[in-house]
Structure formats: structure tokens, C-alpha cells
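1. Just a sequence and a predicted model for now, questions to come.
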Amino acid sequence: MPSIRWSGNPKYWSVYLRAMLAAALLSLTLAACTTDAQRDANGANGTATASAADPLPSWRDGPAKQAIERFVAEVTQQGSPAYLPPDARIAVFDNDGTLWSEQPVYFQLAFMFDQVKAAAPRHPEWQNNPAYKALLARDPVALAKYQKQVEQLLAVANSGMTVDEYDTTIRAWLKSARHPTLHRPYTELVYQPQLELLAYLRAHGFRTFIVSGGTIEFMRAWAQQAYGIPPEQVIGSSQLVQYQLRDGQPALVRMPKMDFVDDGPGKPVGIYRRIGRKPVLAFGNSDGDLQMLQYTSAGPGPHLALLLHHDDAQREFAYDRASKIGKLDKAWDQARVEGWTVVSMKDDWQSVFPPSPQ
């Protein structure tokens with residue numbers, strides 16, 4: 001295997017990798033004990049009845065829904081003290097755990113690990129590599145032991161191709177891959193209440209952006225079809241891309257180096273660089289969104305900060321302070337101090353996922 005030094009921010013990879021190590025056994029255990037009741041929890045009993053008069057039918061009436069509707073009314077009503085012109089109506093959403101599910105492992109990381117397996121025939125030397133064997137076995141102890149070697153495998157398998165080739169690979173994977181416990185395509189595991197909220201905001205003149213720790217390459221392949229958010233409104237981590245001539249044709253080629261990490265304190269930086277305006281609405285679900293919510297809430301003027309609490313083990317997953325993925329701890333404490341709106345998946349959402357297509 002070529003010796004590749006990962007010269008981007010190592011924290012980005014280590015966070016993703018630690019999450020995978022912690023979740024590997026949980027994923028296998030959950031896959032074995034998933035019941036039909038869990039998979040069907042969003043069927044006839046969970047799906048909201050649509051109402052022409054209610055643009056948010058999957059949201060139960062309560063403080064969270066009322067806060068959203070009140071805020072939108074105040075900032076869009078001409079003559080209101082809180083009125084904002086359309087160009088100031090910027091809404092930002094985290095992706096993993098906020099717009100779609102993220103357990104038992106971040107979906108992009110599942111894709112990246114599958115990329116290693118797909119690249120293996122081109123690297124016969126991997127057959128004797130203990131890190132590769134650990135990946136195939138999903139052995140968390142071995143994965144932790146060979147962490148650096150695993151990072152090298154990820155770098156090799158997810159670099160070297162053009163951005164168009166990578167996009168094609170992502171789209172093909174999303175068509176065939178299935179969630180290990182919910183047994184649905186990953187792109188069906190978007191949250192129905194959030195789809196309604198995105199449409200509701202856009203109907204009132206808001207521009208909606210994704211601001212995620214995931215990479216822009218992975219999200220841009222499907223975000224417009226899933227959320228109605230075009231590629232230019234996707235902000236995320238990015239891998240270094242280099243212009244090259246391949247067979248005399250211009251190409252953008254992915255390098256094994258991170259260019260920008262859009263997580264935690266990187267999120268306000270990414271917003272500033274890409275949008276140039278401070279958001280007035282921010283929606284997250286974890287400590288990785290804390291700085292984005294702080295940035296949105298700081299200073300004068302109207303704003304709305306929301307946190308999704310995953311507390312519904314029957315229809316999705318229940319986790320918060322102790323989770324290895326999507327940990328909600330410091331941001332939850334900050335929400336209580338600042339009066340941010342905490343959305344309970346269990347209590348505030350009538351349904352979680354869209355009905356499965358027949």
C-alpha cells in the first residue's frame with residue numbers, strides 16, 4: 001500500500017473513526033434484534049394526516065411548533081417590529097441527526113468503509129493488512145488497535161478519482177445500500193417533519209442551507225432531490241481538490257488531504273465564507289452544532305435556535321449525553337440557559353420518516 005500521510009485535520013478522521021469503533025458491535029446487535037414493529041412504526045399509526053390548512057402536519061401542536069410558526073409570522077409580516085426582508089431570511093440546518101438519521105453509524109462513514117472494500121481488488125497487498133481484516137470483520141478492538149492504518153485505507157479508497165467519478169460512486173451506493181436495522185435505503189431515512197419545515201420556510205421567503213460536518217461531495221449528490229436544497233446551498237467539510245489534465249481533458253481530482261472541517265467551531269466559519277450573512281434560524285441536534293447555534297443567537301435582532309432531541313427508541317433511536325454518535329450534552333445545557341427550543345422527536349413529531357414507497 002502506498003505510504004500516504006493524512007495532512008488535513010486529524011481530528012475530523014479520528015472523530016468519525018471513534019464513532020465507527022464504538023458503534024460496530026451495536027450495529028451488529030441491533031441488526032439481529034430489529035422487529036417488524038420497529039420497522040413499521042412509521043406506517044399507519046405514525047404517519048400524520050395531511051391537512052391543506054396545516055403546512056406542518058407531521059408536527060404535533062405544542063411549544064416547538066408554536067415557536068416556529070410564531071417566529072416565521074413575526075419576521076415575515078410587514079409592519080412587524082421583527083420584520084426581516086427576504087434577503088436576511090437565512091435558515092441553516094445540520095444534516096446528520098437533524099435532517100436524516102445518523103445511528104448506529106454516520107451514513108457517510110458507512111459509504112467510505114464500503115469504498116475500501118470496493119477498492120480492495122486493486123490492492124491485493126491489503127489481503128495481509130491487519131487493518132483491512134479488521135474492517136471486514138467489523139472488529140472494534142482491532143479497528144482501534146490499527147487506527148492509523150485504517151485512516152490510510154480510507155484515504156486511498158476515497159481519493160485519486162475525479163469529482164465526477166466520486167459523485168457517480170456515491171449515487172450508485174445510495175441506490176443499493178440499506179440501513180442495517182431499519183432496512184430502508186438511506187435516502188428514505190430523511191425526517192418527514194423537517195421536509196415540511198424546509199418547504200414551509202421557503203414558502204415564506206427563507207433560503208435554506210445545509211451546514212454539516214459531512215463532506216460537500218457526499219451531500220451534494222442527493223440533497224436537492226431529498227430536501228430541495230441545491231448544491232450551492234450545501235456547506236460542509238471538504239477534501240482538497242486539484243485541477244489536472246487527464247488524457248488531455250481537464251479534471252478535478254480528489255487528493256488525500258482535508259481542505260476544511262465544517263464541524264463545531266468550523267460551522268460559523270463555513271457560514272461566513274459561503275453565505276456572508278448570519279443566519280436567523282439554526283437547527284441542530286448535537287454538541288457539534290453548538291457554535292452554529294451560538295453564532296445564530298448572538299447579537300440583536302430576531303433569531304430562532306432549535307435542537308432535536310432523539311428520545312424515540314420505538315420509531316428511531318434514543319440517545320443524548322452518553323452517545324458516541326450525535327452526542328447532545330453541552331448544547332443541551334446551553335439550550336436551557338439561553339432558552340433555545342428543544343424539539344422532542346417523541347412528543348413533537350407525529351411521524352418520523354416518510355411512508356415507504358410501495
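-> Now that the structure is in, tell me what you want to look at.

2. Could you use CA atoms for every contact and neighbour count after this?
-> Fine.

3. List the residues that contact Asp94.
-> Residues near Asp94 by CA atoms under 8 Å, 6 or more residues apart in numbering: Ile210, Val211, Ser212, Gly213, Phe283, Gly284, Asn285, Asp289.

4. now the strands for the chain?
-> Taking DSSP state E to define them, one finds strands in the chain at 90-93, 207-215, 234-246, 249-260, 281-284, 304-309, 341-344.

5. now, of these, which is deepest in the fold?
-> For the strands of the chain, average neighbour numbers computed from mean count of other CA atoms under 10 Å are highest in strand 281-284, which has a mean of 27.

6. residues in contact with that strand?
-> 90-95, 97-98, 290, 292-293, 296, 303-308.

7. Mind putting the strands of the chain into a markdown table with distance to His123?
-> Formatted as a markdown table, those follow (distance: least, CA to CA, whole Å):
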| stretch | distance to His123 |
| --- | --- |
| strand 90-93 | 39 |
| strand 207-215 | 25 |
| strand 234-246 | 22 |
| strand 249-260 | 17 |
| strand 281-284 | 39 |
| strand 304-309 | 42 |
| strand 341-344 | 46 |
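
8. Quick one: these as JSON lines, columns for distance to Gln350 and mean pLDDT too.
-> JSON lines is the format used below for the strands of the chain (distance: least, CA to CA, whole Å; pLDDT from 0 to 100):
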{"stretch": "strand 90-93", "distance to Gln350": "20", "mean pLDDT": "98"}
{"stretch": "strand 207-215", "distance to Gln350": "23", "mean pLDDT": "97"}
{"stretch": "strand 234-246", "distance to Gln350": "28", "mean pLDDT": "96"}
{"stretch": "strand 249-260", "distance to Gln350": "37", "mean pLDDT": "93"}
{"stretch": "strand 281-284", "distance to Gln350": "19", "mean pLDDT": "98"}
{"stretch": "strand 304-309", "distance to Gln350": "14", "mean pLDDT": "98"}
{"stretch": "strand 341-344", "distance to Gln350": "11", "mean pLDDT": "98"}
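
9. quick one, which of those is nearest to Asp329?
-> Closest approach to Asp329 among the strands of the chain (CA to CA): strand 304-309, 10.5 Å.

10. Quick check: buried residues in stretch 145-163?
-> For stretch 145-163, the buried set under the neighbour-count rule, 16 or more other CA atoms under 10 Å, comprises 146-163.

11. what's the answer for stretch 284-303, then?
-> 284-297, 302-303.

12. just for the stretch 51-200 of the chain, where's the confidence low?
-> 51-52 (pLDDT under 70).

13. Okay then, goodbye and thanks.
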